[in-house]
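*Asks:* Pasting the sequence and the predicted model now:
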Amino acid sequence: MKIFTNPFEICSEKRLLLVGLLATLFAGWISTCSSTLIFGSLKVINNYHQSYGQALINLAITLVSNSVILFAFARIRYPKTRLIDVFSVVFTAHIIIYILLGLTALPIVQESVRAVELEILDEGFQMPELEKIHQFTLGAIGVLSISLIIYFFYLLVVGMKIAMNSKSKWESVVLVLLVFIWNTCLQFLNLYV
């Protein structure tokens, strides 16, 4: 159970980084096959056609930029913070976002999203009337998505607190805010190919 609550204590940073890299390669493949883009750490965009190389570049932009921002903060707070520790935390936490990507790529979810889009195109922004299966699918995916995003931040904070040898609670809030702010900036900068 500790592997889910705090993998950073029981696995080496090299092993976590390797698992994160393999998950990134797999996420690039899912992103290419399903025509979705992970736009920053917290947003998935449908109907974004990209090659496998472009998907990996887009994932790298998110991962490396988040790592650099968090490493800068960590070095300010604890000068002995190692870059490999920060990379392993960021890559490991993003596995949760890749699970979210995989869920949104499921055919039943794509069909439900398409039903909403078609209903809005037909009826405008009035209350769309969806079939019960689409309502249930979107509701379940919504709850699961929120849970996964909370878990993503949990892993990120737990790992970064270990990487920067931190005990204070206010740094947890700063870490979450840094990720939110930086990923909003990434969306405005739109560095993705």
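*Replies:* Arrived safely. Computed from a prediction, not measured in an experiment: that's the story for all the values here.
*Asks:* CA only for contacts and neighbour counts going forward, please
*Replies:* OK.
*Asks:* which residue ranges form the strands in the protein?
*Replies:* With DSSP state E, the ranges of strands along the chain come out as 36-38, 44-46.
*Asks:* mean pLDDT lowest for which of these?
*Replies:* Looking at the strands of the chain, the lowest mean pLDDT belongs to strand 44-46 (a mean of 83).
*Asks:* So what touches that strand?
*Replies:* 34-39, 101 (C-alpha atoms under 8 Å, 6 or more residues apart in numbering).
*Asks:* Distance of the residue nearest in space to the middle of the chain relative to Phe153?
*Replies:* Among the residues of the chain, the one closest to the centroid is Ile97, at 3.2 Å (C-alpha atoms, centre = their mean). Separation of Ile97 from Phe153 (C-alpha to C-alpha, to the nearest Å): 10 Å.
*Asks:* same thing with Leu101?
*Replies:* Leu101 is 16 Å from Phe153, by C-alpha to C-alpha.
*Asks:* For Thr5, give me its contacts.
*Replies:* Leu155.
*Asks:* Save the strands of the chain as a markdown table, and put in mean neighbour count and distance to Val157 too.
*Replies:* Shown next, in a markdown table, are the strands of the chain (neighbours: other C-alpha atoms under 10 Å; distance: least, C-alpha to C-alpha, whole Å):
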| stretch | mean neighbour count | distance to Val157 |
| --- | --- | --- |
| strand 36-38 | 24 | 21 |
| strand 44-46 | 15 | 22 |
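*Asks:* now for these, which one comes closest to Ala74?
*Replies:* Ala74 sits nearest to strand 36-38 of all the strands of the chain, at 25.0 Å, using C-alpha to C-alpha.
*Asks:* Each with direction, which strands does the closest one pair with?
*Replies:* strand 44-46 (antiparallel) (DSSP bridges).
*Asks:* where do the helices sit along this protein?
*Replies:* 2-5, 7-10, 13-34, 52-77, 83-104, 107-123, 132-163, 170-189 (DSSP state H).
*Asks:* quick revisit: may I see the strands of the chain arranged in TSV, with distance to Thr62 as well?
*Replies:* As requested, the strands of the chain are exported to TSV (distance: least, C-alpha to C-alpha, whole Å):
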stretch	distance to Thr62
strand 36-38	8
strand 44-46	12
